[in-house]
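Q: following is a predicted model, sequence given first.
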Amino acid sequence: MKFYVTKEEKRLIDEKMAQLPTRCYGAYLRKMAIDGFIIFTDMTDIKAFTTELSAIGRNINQIAKQINATGSSYQADMEEIRERLDEIWQLQRHILSSQR
């Protein structure tokens, strides 16, 4: 299938394509012709946030191991850290579920 567009139409197509991770005109135009729309959600920030949360969780676990190994622990402090981490993960799950 071949078709022609004006310079203005090509510019508009290029602008819309720039919002997506695709650079293939054929794939983009087929998707638009069949579905009529494309929804792209950039998850880069959320993935970075998840990576940071994992690092925080590992740090907390290391602190807990050290406290348990030395025998001197402040249980109330540890519980508060665990509660805060649980709150962060709940927020993360909420963010991810709202992106679907």
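A: Happy to help now that I have it.
Q: only C-alpha atoms for contact and neighbour calcs from this point on.
A: OK.
Q: low pLDDT regions in the protein?
A: Of all residues in the chain, those with pLDDT under 70 make up the ranges 38, 72-73, 99-100.
Q: let's see that with 90 instead.
A: Regions of the chain meeting the criterion pLDDT under 90 cover residues 1-3, 16-100.
Q: can you list the domain ranges for it.
A: Annotated domains of the chain cover 1-40, 44-98 [automatic domain parsing].
Q: looking at those domains, which is buried most?
A: Ranked by mean neighbour count, these are led by domain 44-98 with a mean of 12 (mean count of other CA atoms under 10 Å).
Q: correct me if wrong: residue 57 contacts residue 85.
A: Yes. At 7.3 Å, residue 57 and residue 85 qualify as touching, with contact defined as CA atoms under 8 Å.
Q: enumerate every residue touching residue 50.
A: Residues counted as contacts of residue 50 (CA atoms under 8 Å, 6 or more residues apart in numbering) are residue 92.
Q: look up how far residue 56 lies from it.
A: Remark: distance between residue 50 and residue 56 (CA to CA, to the nearest Å) = 10 Å.
Q: again with residue 83
A: 13 Å.
Q: again with residue 4
A: Counting by CA to CA, the gap from residue 4 to residue 56 is 54 Å.
Q: which SS class is residue 3?
A: Secondary structure state of residue 3, per DSSP: H, G, I helix; E, B strand; the rest coil, is coil.
Q: now the helices: where do they sit in the protein?
A: Remark: helices assigned in the chain by DSSP state H are 7-17, 25-35, 44-70, 75-98.
Q: what helices and strands are in contact with the last one?
A: This points to helix 75-98. Helices and strands touching helix 75-98, by 3 or more CA pairs under 8 Å, 6 or more residues apart in numbering; DSSP states H and E, are helix 44-70.
Q: quick one, the helix it packs on and helix 75-98 angle?
A: 160 degrees (axes from the mean of the first three to the mean of the last three CA atoms, to 10 degrees).
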